[in-house]
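Engineer: Could you work out the structure for the sequence below:
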Amino acid sequence: MDGTVPGLGTLVNVAAIVVGSVLGMAVGHRLPERVRDVVTDCLGLVTLLIAAQSATSVADPALAGAVGAGAPVLIVLGALLIGGIAGSALRLADRLEGLAGRVHAWTIRPGTVRLEAREVRQRFVDGWLTATLLFCVGPLAVLGSLSDGLGRGIDQLALKAVLDGFAALAFASTFGVGVLLSAVSVGVVQGALTVVGMLLGSVVPDAHVAALTATGGLMLVGIGLRLLRVREVPVADMLPALLVAPVLTQVVVLLR
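Structural biologist: Next up, the predicted model:
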């Protein structure tokens, strides 16, 4: 698929998420609660599997070659600590939940009782955050978007679109419209990465991408634990870690 217009891959990806989400919302209300619980547990387990695949980027030869064999784990740890502390100090989770709550207020039916509204709002927030991280963090999201920007085709994003479409269907049947709104997040994040690829060309180091992907993989573990109701990991507060990881990688490279 070489020669395509930059950004086409992200548009295809967003369209797949929208279609999958709409289908999921259309059939979700017909499923009994116990079935939705099973679906959520399955999604939690699959999220952990995807997280494990992403987290293995910490052993990427390009990363080890750039920063040394012992530094990748420390870079990921440092990114999570610095990013988590910064996000917590900025009350990022509360701000994102407030923003999502205001967006959700546009979709809630008038007359919904207060307790039900609070539960529905929390499900919306969880769905949006879970789907956003799952769709935006990972090798295909980063490498596919960069490849699209570099003019190398949209094959990777086309594959990702298929996977995300089915995942969105499953997520939306449980979490509802929050998953649909994650399509906006995907458009912004992957669109920005595509622009980065267009501007920087082939100078984007593989080591930096690997550090970001590994950090995102551990954040997905937190999402998996939330879905499985094991622990409410404050993943939203850790979002700055995705910016810190490549910066720390560059610092280590300069200090070597």
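
Engineer: what's the span of stretch 55-62, first residue to last?
Structural biologist: Length of stretch 55-62, first residue to last, CA to CA, to the nearest Å: 15 Å.

Engineer: Flag every buried residue along that stretch.
Structural biologist: Across stretch 55-62, burial judged by 16 or more other CB atoms under 10 Å covers 55, 57-58, 60. No exception for glycine: its C-beta is placed from N, CA and C like everyone else's.

Engineer: next helix or strand past the helix or strand hosting Leu129?
Structural biologist: In the assignment (DSSP states H and E), Leu129 maps to helix 114-136. Next helix or strand after helix 114-136 toward the C-terminus (DSSP H and E): helix 139-149.

Engineer: For the helix or strand hosting Gln190, list every residue counted as buried.
Structural biologist: Here Gln190, judged by DSSP H and E, is contained in helix 177-200. The neighbour-count check on helix 177-200 (16+ other CB under 10 Å) flags 177-183, 185-187, 189-191, 193-194, 196-197 as buried.

Engineer: neighbours around Arg95, how many?
Structural biologist: Neighbours of Arg95 under the rule other CB atoms under 10 Å: 12.

Engineer: And it, what's its pLDDT?
Structural biologist: On pLDDT, Arg95 comes in at 78.

Engineer: swap in Leu8?
Structural biologist: 92.

Engineer: Then His29?
Structural biologist: Predicted confidence (pLDDT) for His29: 66.

Engineer: which ones are touching Leu63?
Structural biologist: Contact partners of Leu63, counting by CB atoms under 8 Å, 6 or more residues apart in numbering, are 57, 72, 75, 206-207, 210-211, 214, 249.

Engineer: Quick check, central residue of the protein?
Structural biologist: Leu133 (1.8 Å; CA atoms, centre = their mean).

Engineer: What are the buried residues along stretch 8-28?
Structural biologist: For stretch 8-28, burial by neighbour count (16+ other CB under 10 Å) applies to 8-14, 16-18, 20-21, 23-25, 28.
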